[in-house]
Structure formats: structure tokens, C-alpha cells
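Participant: Mind looking at a prediction? Sequence and model below.
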Amino acid sequence: GAGVSQSPRYKVAKRGQDVALRCDPISGHVSLFWYQQALGQGPEFLTYFQNEAQLDKSGLPSDRFFAERPEGSVSTLKIQRTQQEDSAVYLCASSGGRIDWTGRGVYFGPGTRLLVL
Amino acid sequence: AQSVTQLGSHVSVSEGALVLLRCNYSSSVPPYLFWYVQYPNQGLQLLLKYTTGATLVKGINGFEAEFKKSETSFHLTKPSAHMSDAAEYFCAVSKNTDKLIFGTGTRLQVFP
């Protein structure tokens, strides 16, 4: 596609509910990233995939957060038993590969705004 | 460990005035440096990046930034602000990968 797309754009969940956030990266992009952006803050890294392999999940805040990319394209970020502190914008990004290889940088989707009540 | 500090969470300028958004980084190795812009309800858009080579980098919309290793800085400038420049700006650093470490952002307001 033309860019990174994410769905839903907005999600309201009750505390304790499970949610699933979807990311469609740019076609052919090898790398996919998830970031969490709390209100008034910069994005913070959650996890990184290269194709279907999850190479870095050091930013996932708890075991309630789980991400997958089973076929190396679409990715889903799942949050179980949501808490109020999970309220944030979740950004997905993709890139063609390592920046010292492509030099073209990372492209971000519009984000999913999650509000946990 | 890498980190990014953006001085000033809010910057206000008049239309036509110079824009200066400050970014300092810490990194144990020469970093890759980026500026992203975020308009309301939109994703982050790459303004410019420094990887290697010339330390003065020109980006989109008339913005430029200079990598100063001695000052560990990568400040963003634009000679003349336009109303459409009003947005949130994020400085970011990475080290030989696409994983980005972001600053907390600077909101730019432009007054007529």
C-alpha cells in the first residue's frame, strides 16, 4: 500500500478487557516496529520484528502485552486485561531494513488511540 | 545507553521569524539522528536525518539541522516560520539499527 495503516484508529476499552491492534506495513518492508506514545510524551519502543521473527521485545511493559507477525507482513499487538495506564497512542512503523543498508528511514502509521476506562 | 533531550516543551514564534528547536543526544558511538514532525491525529513524518557525511542536513518544508559532535547537538532550524509549521517535533537517535529513541517532543506554535 501507499503507507503504513493501522486499525482501529480509536478504541475504548473497559478495564480488564482484551484488545487487539492491527498494523499493515508498507508492502515489502522487512522491519516492523511498535511504539507506545503516552499523552505529552515521545514514542517509546515496544517491540521489533524482522520478517516474522520478533528480534527485540525489550520495551513491552508487562506480560500482558503480546505482539505477533506470523507471515512477515501484518502485525497484531494484543493487550490482555487492559489497565488505565495502558491508555496511549500505539504507533506502528515499518522500514525496508537496516538504515545503513537502505538509508531511507522508518515510516510511521497514524496510530491507534486506546482509552481504557 | 542512548538518550535524547529536547530543551523546551513549547516554543512560540511569529510567522516569518526564525524557528530553533533544540536537541541534544548522548550516545556511546556515533549515532544516527532524526527529526520527525507530528501533526494532530497523524503519524510521525520524517523531516530529515543525519547518518554520515555532511553535517548540515536539509530536509523537507525548508527545515535543516546541523550535527555538532563537539556539542552533542542536532538542533532544528527554519529561517522563516509559516503557520503550517505548527505541530509537534520529535528528535530521535538510533545506533546502527532502525530502532529509534525519541525525545519528549517540542510543540511549535506559530502566531500571525
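Facilitator: Received the coordinates, thanks.
Participant: contacting residues for residue B:84?
Facilitator: The contact partners of residue B:84, by Cβ atoms under 8 Å, 6 or more residues apart in numbering or on different chains, come to none. C-beta here means a position set from N, CA and C on the backbone, and glycine is covered the same way.
Participant: For it, which three-state class applies?
Facilitator: Three-state assignment for residue B:84 (DSSP: H, G, I helix; E, B strand; the rest coil): helix.
Participant: That one and chain A, how far apart?
Facilitator: Distance check for residue B:84 against chain A: by Cβ to the nearest Cβ, to the nearest Å, it reads 19 Å.
Participant: Also residue B:85?
Facilitator: Spatial separation of residue B:85 from chain A under the definition Cβ to the nearest Cβ is 19 Å.
Participant: Next one: the residue in chain A that chain B sits nearest to, what pLDDT does it get?
Facilitator: Scanning chain A for proximity to chain B using Cβ to the nearest Cβ identifies residue A:42 as nearest, at 3.5 Å. Residue A:42 is assigned a pLDDT of 92 by the prediction.
Participant: shaky segments in chain A?
Facilitator: Low-confidence regions of chain A, defined here as pLDDT under 70, cover residues A:1, A:97-104.
Participant: how does it look with 80?
Facilitator: In the predicted model of chain A, residues A:1-2, A:97-105 satisfy pLDDT under 80.
Participant: and it, which of its residues are near chain B?
Facilitator: Applying Cβ under 8 Å from any Cβ of the partner chain, one finds that chain A approaches chain B through A:3-4, A:31, A:33, A:35, A:40-45, A:48, A:56, A:91, A:93, A:95, A:97-100, A:103, A:105-111.
Participant: how does it look with 7 Å?
Facilitator: A:31, A:33, A:41-43, A:45, A:48, A:56, A:91, A:95, A:98-100, A:103, A:105-106, A:108-111 (Cβ under 7 Å from any Cβ of the partner chain).
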